[in-house]
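sequence and predicted model, in that order:
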Amino acid sequence: MLRFLALLLALLVAGPAFAQSVVQTDNVRAELLSDVATVKPGEPFWVGLRQTIRPKWHTYWKNPGESGLPTEIAWTLPAGATAGPIVWPAPSLFDIGGVTNYGFKDEAMLLVRITPPADLAGPLKLAAEANWLVCEDVCIPEEGKFELTLPSGAAATPAPPALRALFETARRSVPTESPWPARYGVSKSGDPTLIVEARGLKPDTIRDVYFFPAEWGPVATMAKQTASVTAEGIRIPLRKGDAKAAMPAVLAGTLVLTEKTADGTVKQAFDVSAKLDPAFVPAPASLAGAAGAEQLSLVQALLFALLGGLILNLMPCVFPVLAMKAAAFARLAGHAQAEMRRDGLTYTAGVLVSFAAMAAIVVAIRASVGDVAWGFQFQSPVFSLLIAYLFFTVGLNLSGVFEFGGRLAGVGQGLVARGGTTGAFFTGVLAVIVATPCTAPFMAAALGFALSQPAPATVAVLLAMGLGLALPYLALTMIPALQRMLPRPGPWMDRLRQFLAFPMYASAVWMIWVLTQQTGSNGVLYALGGMILIAFAIWLLRLGGGTSSGNWTRRGVAAAAVLLAFAATLKLEDGPATAASASGERTSGVNFEGWERFSRARMAEAVAAGKPVFVDFTAAWCITCLVNERVALETPATKKAFEQAGVVKLKGDWTNRDDEITGVLKEVGRAGVPLYLFWAPGAAAPKILPQVLTEAMILSELSSIQQAKR
């Protein structure tokens, strides 16, 4: 209907056009050109309708897309002369207000092969009437009448060099015949998938792959296609078009891609003819092009990392440490401004040094092992045990059990609890350590970007996140107006300090629980036994009096107790965690009631069957994951909505390293858990939900399925 109306409008509003080789309209300068100056009877040559298009406007390809009309040329030729069809250059894609079109901007040369009569005597007169639709925010039909007279002779003579150069450029823009076989299949939902068997391609050199269907109808016009490029070739999931007829035996179109070569970036176009494959087997569910998988620039990633670090201060992992630091800062009230600023700068240095060290570890692991993700250290039972020790020791210090200052540097909390620059620095270190199992809005995309980039970008993004984490406390130490808002020092500070020991004890208990999910019940024995040894060492060091030799004996026994506590980590290396991870049979602290265990095969099966699929990637040490389960995923209303919508619920446990889950995280550009994927029925790619969920958010996603069923 749009095509008919546009053509009717063209006939009604187009004014008279006089025959000439150049036609200038309001929006297009059109010129009929020949690649020869003299024609030879019976010998074909080329002419071109060259269109120079007004900036920001465009004309249309042979398949204009969702709206528009292609340029048409009607020829009037001498008897015996013939004109071939328009040879179209590779098109561009235009997405204007949600309407997707295929066409040309700036300039286009439409080539036509002319064959003069064999008995031509005298000049060859070419007459053509062309009409086209040119659009920006509005569309205007235009037309022109053209005449071109060429002398004939015993041999054809080429056009002048400048004109020949135009034709050479036009020929290079015409797609070449594809050197690769192609086929297409149709899924149960009726959507076609194009498969170009371009074996040997290097996936990391190919980008911006798009298939332009040659005809309107069989394939829907898509603003974005999620092509996957592997060493086996190119696979492009498409959508069925609006045509009522059955899918054609051959699907024709133009494949346009950009390739990075030794000589630079090259855009290539190939004409593809894909035969219908009745034995087509859908590929596993594609995660490419997942809605919500942001493609960030470095500047955007730095900004998101900074914002994520700021919000991280409010997350449950970090808050007890910051509260402890705020109490220590309150003790500085009334001190010299220079001392306060030094404290803030030192704390910030501790945060940034820790993030820099983490970046160095990430780069080293990535270079030697491969993929690495945020929170990877919590997948190690050794790290979990050490952090449990640290939280326990912090709690003892806050409770007033010991005040060793620098003499307990080996354990670490003495440094954290000390005043001055040393205490500020190691509080920053502690804040970073406890922050890693937490995630915050804006962090997911930024971390996914950072962990997939070269080392300098990885370091820059992680440092930006560290700056965001340190910024509130840094601002507090630098701005006197904020300092005046703090309460005055008093006895309440000691009570607050003692109270803050309990979140640390709770954190230690949580880490022991995480350890048991990684190692089994033996993890409790190692952790609690180690804590008893650490407490025993502290008791020995607190004993006063005695001879010099007795003091050295106590210190030696205390050191032996601490070393014995840390020796438990050697047992964990070869303990149940390794065997459990290898067998895949372990039971973790992740709750699977009402959920199936995630696997790519099960996910692909459910998606191919057209069922709605919800995937939850979680870990026992991920606090945000556990909170989301309580407030959004496991509420009675959500469970009922999942059941009514017939959703296949899959849960992936990343408590210990799992290469399959790590691969999924990398595919969608995420650095760690939580990650939530939702496939609507028949969708080609999933939607990535936010990392912080609400019940209303989940119900809203599921309500669309219910409405579609009605």
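Structure's in. What do you need? Numbering: from 1, shown residues only.

let's see the pLDDT reported for residue 575.
Per-residue pLDDT puts residue 575 at 40.

in the stretch 451-600 of the chain, which spans are helices?
For the stretch 451-600 of the chain, helices defined by DSSP state H, counting those that start in this stretch occupy the ranges 455-478, 480-483, 492-499, 501-519, 522-542, 548-573, 576-583, 600-608.

and of the ones you listed, who's closest to residue 280?
helix 600-608 (11.6 Å; CB to CB). C-beta coordinates here come from the backbone N, C-alpha and C atoms, glycine included.

returning to that earlier point: redo the helices of the stretch 451-600 of the chain as JSON lines? Include mean neighbour count and distance to residue 340.
Output for the helices of the stretch 451-600 of the chain, formatted as JSON lines (neighbours: other CB atoms under 10 Å; distance: least, CB to CB, whole Å):
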{"stretch": "helix 455-478", "mean neighbour count": "21", "distance to residue 340": "5"}
{"stretch": "helix 480-483", "mean neighbour count": "11", "distance to residue 340": "7"}
{"stretch": "helix 492-499", "mean neighbour count": "14", "distance to residue 340": "16"}
{"stretch": "helix 501-519", "mean neighbour count": "21", "distance to residue 340": "25"}
{"stretch": "helix 522-542", "mean neighbour count": "18", "distance to residue 340": "31"}
{"stretch": "helix 548-573", "mean neighbour count": "15", "distance to residue 340": "35"}
{"stretch": "helix 576-583", "mean neighbour count": "15", "distance to residue 340": "45"}
{"stretch": "helix 600-608", "mean neighbour count": "18", "distance to residue 340": "54"}
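
residue contacts, residue 91?
Residue 91 makes contact with 61, 102, 103, 104, 212, 254, 256 under the criterion CB atoms under 8 Å, 6 or more residues apart in numbering.

recalculate using a threshold of 10 Å.
Counting by CB atoms under 10 Å, 6 or more residues apart in numbering, residue 91 makes contact with 58, 60-65, 101-104, 108, 173, 175, 210, 212, 254, 256, 269.

now the phi/psi pair for it, please.
Torsion angles at residue 91 (phi, psi; degrees, to the nearest 10) stand at phi -80, psi 170.

how close does it get to residue 68?
Residue 91 sits 11 Å away from residue 68, going by CB to CB, to the nearest Å.

helices of the stretch 201-350 of the chain, residue ranges please.
Going by DSSP H, counting those that start in this stretch, the stretch 201-350 of the chain shows helices at 298-312, 319-330, 337-368.

between those, which gets nearest to residue 665?
Taking these one by one with CB to CB, helix 337-368 is closest: 13.7 Å.

now the closest one: average pLDDT?
Rounded mean pLDDT across helix 337-368 is 81.

please identify the buried residues of it?
Buried residues in helix 337-368, defined by neighbour count with 16 or more other CB atoms under 10 Å: 340, 342-355, 358-359, 362-363.

am I right that residue 251 is in contact with residue 212?
No - Residue 251 lies out of contact with residue 212 (CB atoms under 10 Å); the separation is 11.6 Å.

identify the contacts common to those two.
219, 272.

quick check: closest non-adjacent residue to residue 105.
Distances taken as CB to CB, 6 or more residues apart in numbering put residue 58 closest to residue 105, at 4.5 Å, once the chain neighbours are dropped.

so what's the one you found up against?
By CB under 10 Å, 6+ apart, the contact set of residue 58 is 27, 68, 91-92, 94, 96, 101-106, 108, 133-136, 139.

from those, list just the buried residues.
Burial of the contacts of residue 58 was assessed by neighbour count (16+ other CB under 10 Å); the buried members are 27, 68, 91-92, 94, 101-104, 108, 133-135, 139.

common neighbours of residue 91 and residue 68, please.
In contact with both residue 91 and residue 68: 58, 60, 61, 101, 102, 103, using CB under 10 Å, 6+ apart.

dump those to CSV, plus pLDDT, secondary structure and distance to residue 222.
Formatted as CSV, these follow (pLDDT from 0 to 100; DSSP: H, G, I helix; E, B strand; the rest coil; distance: CB to CB, whole Å):
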residue, pLDDT, secondary structure, distance to residue 222
58, 96, strand, 18
60, 97, strand, 17
61, 97, strand, 15
101, 93, strand, 12
102, 96, strand, 11
103, 96, strand, 15
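
export those to JSON lines and tack on distance to residue 493?
Formatted as JSON lines, the shared contacts of residue 91 and residue 68 follow (distance: CB to CB, whole Å):
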{"residue": "58", "distance to residue 493": "69"}
{"residue": "60", "distance to residue 493": "74"}
{"residue": "61", "distance to residue 493": "73"}
{"residue": "101", "distance to residue 493": "68"}
{"residue": "102", "distance to residue 493": "70"}
{"residue": "103", "distance to residue 493": "71"}
